[in-house]
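In: here are the coordinates; sequence isn't available:
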């Protein structure tokens, strides 16, 4: 049995092995701790940036600063961006296109990503996307007739305004879009802050507009809706049908007299 190597001899062997590792180009010491990784950007943020550069920046500027082709987007707020995109008013297909409610260009996920991206422009702010629902219909009717019917008509079908402008029909608007429009005031519409119309009152208006949209089929039960434009189209139809019936009767009687 051989004796165990002495401590100095073990030390020399360790140094020799370390020298050999150095010749082979291997690290002689444990690696230094790597810097902490940068927090990754969210997928929504990246998607929003991409979509904004592709579809918005040419008119609204790289950072929402605006241009001759489009207004400033800094400080407009999430509600404004969501309203314009979810109603299909933006992006415009042509520069002279009317801003009407139509099918949105982007999916719901892409709209959320764009809203997040535009909301990141300094200084931020602007109304948030409201949560609308559960309103009181009778109260909503009174509020609608007071604040909305002068432009959108008592039946919610819209109306022509000055200089060729118009207030759109409300028949396709969702409760959230109604709340957004109340808060941001798109187009010629004035904005109504919470000091003028509370969140509860906005809920009431949205509930009444839901009745006007006739989703449950209660308003036009038993007859034609005729656009619910009031007595004028009803009288016109009565005259046309009545005169038509009289003419047919007169012709029938005249042919018999011969």
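Out: Nice, thanks for sending it over. The shown structure was predicted, so the numbers you read here are calculated from the model rather than taken from an experiment.

In: And the closest residue to residue 207 other than its chain neighbours, which helix or strand is it part of?
Out: Of all residues not flanking residue 207 in the chain, residue 135 sits nearest, at 3.3 Å (CB to CB, 6 or more residues apart in numbering). Backbone N, C-alpha and C define where each C-beta goes, glycine included. Using DSSP states H and E, residue 135 falls within no helix or strand.

In: Name all residues that make contact with residue 135.
Out: Counting by CB atoms under 8 Å, 6 or more residues apart in numbering, residue 135 touches 200, 202-208.

In: Of these, just say which sits nearest to residue 166.
Out: Checking those against residue 166 with CB to CB, the nearest one is residue 205 at 20.0 Å.

In: That closest one should be in a helix, yeah?
Out: Yes - residue state for residue 205 (DSSP: H, G, I helix; E, B strand; the rest coil) corresponds to a helix.

In: What distance do you get for it to residue 256?
Out: 59 Å (CB to CB, to the nearest Å).

In: Which of those two has more residues huddled nearby?
Out: residue 205 (28 against 7; other CB atoms under 10 Å).

In: so what's the more buried one up against?
Out: Going by CB under 8 Å, 6+ apart, residue 205 touches 135, 140, 143-144, 147-148, 178, 182, 197.

In: which intervals of the stretch 51-200 of the chain have sub-threshold pLDDT?
Out: Applying pLDDT under 70 to the stretch 51-200 of the chain flags the ranges 95-97.

In: Going along the chain, name the helices of it.
Out: 57-60, 78-86, 108-119, 137-147, 149-152, 175-184, 199-212 (DSSP state H, counting those that start in this stretch).

In: Verify the contact between residue 106 and residue 84 for me.
Out: No - shown here, residue 106 and residue 84 do not form a contact pair, counting by CB atoms under 8 Å, at 10.8 Å.

In: neighbour count winner among the two?
Out: Neighbours per residue (other CB under 10 Å) separate residue 106 from residue 84, with residue 84 holding more: 23 against 17.

In: Select the longest helix from this protein.
Out: Using DSSP state H to define each element, the chain has its longest helix at helix 231-257.

In: between the contacts of residue 135, which is nearest residue 162?
Out: Looking across the contacts of residue 135 and measuring by CB to CB, the closest to residue 162 is residue 205, at 24.1 Å.

In: Can you read off the pLDDT for the closest one?
Out: Confidence at residue 205, expressed as pLDDT, is 98.

In: Next, the contact list for the closest residue to residue 63 other than its chain neighbours, please.
Out: Of all residues beyond its chain neighbours, the one nearest residue 63 is residue 121 (5.7 Å), with distances taken as CB to CB, 6+ apart. By CB under 8 Å, 6+ apart, the contact list for residue 121 reads 63-64, 73-75.

In: closest to residue 98 among those?
Out: Closest to residue 98, out of all of these and judged by CB to CB, is residue 73, at 20.6 Å.

In: Hmm, that closest one is touching residue 84, no?
Out: No - contact criterion CB under 8 Å: residue 73 and residue 84 do not qualify, at 9.8 Å.

In: Neighbours of residue 55, how many?
Out: 17.

In: mind checking how far the closest residue to it other than its chain neighbours is from residue 242?
Out: Leaving aside its sequence neighbours, residue 55 sits nearest to residue 91 (CB to CB, 6+ apart; 4.9 Å). Shown here: residue 91 relative to residue 242, a distance of 49 Å by CB to CB.
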